[in-house]
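Student: Here's a sequence, model it:
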Amino acid sequence: MASLQSSTCLSSSCSSSSRINAAVHVPKLIPFSLPKIPTTRKLVIEELNGFTTPIIPIDKNDSTKKIFDESYNSSTTSKATIQLYAVLEAVADRIEMHDNIGQQRQNWNTLLLNSTNMITLTATTMAGIAAVTSGADDSLLVLKLSAAVLFSAATGLSLVMNKIQPSQLAEEQRNATRLFKQLQTQIKTAIALRNPTQVDVKDAMEKVLALDKAYPLPLLGAMLDKFPSKYEPAAWWPSTLFQKKMSDRKVMQYSKKTNGWSEELEMELREVIEVVKNKDFEDYERLGNLVLKINKILAISGPLLTGIAAMGSAFVGNGSWAAIVPVMAGALATAINAFEHGGQVGMVFEMYRYCGGFFQLIENDIEATLEENDLERRENGELFEMKVAVQLGRSLSQLRELATKSTSSRIEGFAIDEFASKLF
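Tutor: Below is the predicted model of the structure:
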């Protein structure tokens, strides 16, 4: 009887252990794994890690679905943010347009310069050959007419090229591309750091329109004057950007909330303005006027010489002196065109215009900031100082050293021998 009970217990224990083992080894028999239901926390983590396509939870829990719908509902985006994104799209399109047109106008400069010089040199060669030709009158007439026609064509091309200044046009588009990229970054920063308002939208649109006016795309009717009466710096910011209340300036009190400002910082920035106006801006104004005069002389001399060569080629064969005029005029015209457009004098003038506008923008920005009486409405003083230093290519210590030198030079009565900018 005892043996029967023991065998019964053994059999029951064996069967129970086999059942346990079967339960333990069941997952090995299943060829696939069941999908895990993602939780809301995991969904948020995956979104923060950069997933572009959200993973929708499998369960239909009402609370989870509500959180998901609120996270992706476009109606929660403010109207100002949507408008700023629309402006951002327009700015991106402007960048592409100016970049493409700038490359095209750079190609114009190369092709027109090579064509004009090749035509001028060919006409000069024909005039020289006609001068030494002692054959029939028909051959001499053909050479003279060919030289005259080619010189006339070179004159027309030179007039068109000097009028539009392709190298200057290309530089305008490069500057516009850079400034639109800067505006694009500013708009993205405004969207990322705070909730945009209608004021941000208005400012962005005004800046876009001001850039369109400063650097127009079409040539006919809207092209900038390439030969103004005097040097004027470029202005690509809205006229209302720096309109502040400049009357009844109050004495600042720095005892409580100063927003990063101090009397020492204000004095430092005023000294920086003086250096920018008296050194950097005046230097670029002088150079701009000089390059403008040189460009005017070259633009007149090239077509004038090819025109003289065209008329002089009609008298080739009537004496040795008659052949000298078209040959010398054609050679000089080629050299002048190569110096003017190969050296891109128009581009240099536009670069000086941009640099003058850059210094004027810094000056206006500092003055408008300092004229704001409410310190809390100003940009943070330490941040503003850092931005000015970076724009001028200096560190904070170098900017303060420059202000100290400016103060000492004014007190001691000598001119400072250092420019504010280390970039240009």
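
Student: Surely Glu172 is in contact with Leu211?
Tutor: No - contact criterion C-beta atoms under 8 Å: Glu172 and Leu211 do not qualify, at 11.1 Å. C-beta here means a position set from N, CA and C on the backbone, and glycine is covered the same way.

Student: who has more neighbours, those two?
Tutor: Glu172 (27 against 22; other C-beta atoms under 10 Å).

Student: Which strand or helix spans that one?
Tutor: Using DSSP states H and E, Glu172 falls within helix 166-193.

Student: who are the neighbours in contact with the closest residue to Lys405 other than its chain neighbours?
Tutor: Closest residue to Lys405 apart from its sequence neighbours, by C-beta to C-beta, 6 or more residues apart in numbering: Ile416 at 5.7 Å. With contacts taken as C-beta atoms under 8 Å, 6 or more residues apart in numbering, Ile416 has the following neighbours: 275, 278-279, 405-406, 409.

Student: Assign a three-state SS to Ile416, would you?
Tutor: Following DSSP: H, G, I helix; E, B strand; the rest coil, Ile416 is assigned to coil.

Student: Give me the phi and psi for it.
Tutor: phi -70, psi 140 (degrees, to the nearest 10).

Student: Kindly report the same for Ala420.
Tutor: phi -70, psi -40.

Student: Pull the number of nearby residues for it.
Tutor: Neighbour tally, Ala420, other C-beta under 10 Å: 30.

Student: give the contact list for it.
Tutor: Here Ala420 is in contact with 272, 275-276, 279-280, 359, 392, 402 (C-beta under 8 Å, 6+ apart).

Student: how near is it to Tyr284?
Tutor: According to C-beta to C-beta, to the nearest Å, Ala420 and Tyr284 sit 12 Å apart.

Student: now do Phe349
Tutor: Noted for Phe349: a distance of 11 Å to Tyr284, by C-beta to C-beta.

Student: Spell out which residues are contacts of both of those two.
Tutor: When C-beta under 8 Å, 6+ apart defines a contact, no residue borders Phe349 and Tyr284 alike.

Student: where do the helices sit along the stretch 51-200 of the chain?
Tutor: Ranges of helices in the stretch 51-200 of the chain, per DSSP state H, counting those that start in this stretch, are 62-72, 79-132, 137-164, 166-193, 198-214.

Student: helices or strands up against the second one?
Tutor: Going back to what we said before, that points to helix 79-132. Other elements packing on helix 79-132 under the criterion 3 or more C-beta pairs under 8 Å, 6 or more residues apart in numbering; DSSP states H and E are helix 137-164, helix 166-193, helix 198-214, helix 282-312, helix 320-337.

Student: Next, the angle from the fourth one to helix 166-193.
Tutor: So that's helix 282-312. 150 degrees (axes from the mean of the first three to the mean of the last three C-alpha atoms, to 10 degrees).

Student: Specify which member of the contacts of Ile416 is nearest to Glu367.
Tutor: Nearest to Glu367 among these: Val275, at 14.0 Å, using C-beta to C-beta.

Student: So the closest one sits against Glu418, correct?
Tutor: Yes - with contact defined as C-beta under 8 Å, Val275 counts as touching Glu418 (7.5 Å).

Student: if I look at these two, which residues touch both of them?
Tutor: Residues touching both Val275 and Glu418 by C-beta under 8 Å, 6+ apart: Leu402.

Student: ok, Asp99 touching Gln173?
Tutor: Yes - look at Asp99 against Gln173 with C-beta under 8 Å: they come within range, at 7.3 Å.

Student: Looking at the two, which one has more neighbours?
Tutor: Ranked by neighbour count (other C-beta under 10 Å), Asp99 and Gln173 place Gln173 first, with 21 against 17.

Student: wait, what's in contact with the more buried one?
Tutor: Counted by C-beta under 8 Å, 6+ apart, Gln173 has contacts 98-99, 101-102, 105, 215.

Student: hmm, 10 Å instead?
Tutor: 97-106, 215, 217 (C-beta atoms under 10 Å, 6 or more residues apart in numbering).

Student: filter those residues to the buried ones?
Tutor: By neighbour count, with 16 or more other C-beta atoms under 10 Å, the contacts of Gln173 hold 98-99, 101-102, 105-106, 215 as buried.

Student: got any ranges where the stretch 301-424 of the chain has weak pLDDT?
Tutor: Under the criterion pLDDT under 70, the flagged ranges of the stretch 301-424 of the chain are 318-320.

Student: Verify the stated contact: Ser139 with Leu145.
Tutor: No - under the criterion of C-beta atoms under 10 Å, Ser139 is not in contact with Leu145, lying 11.1 Å apart.

Student: mean confidence for the helix holding Glu172?
Tutor: Mean pLDDT, helix 166-193: 94.

Student: Buried residues, that helix. List them.
Tutor: Neighbour-count burial for helix 166-193 [16+ other C-beta under 10 Å]: 166-177, 179-181, 183-184, 187, 190-191.

Student: what residues are up against Ala323?
Tutor: Residues in contact with Ala323, defined by C-beta under 10 Å, 6+ apart, are 127-132, 312-313, 315-317.
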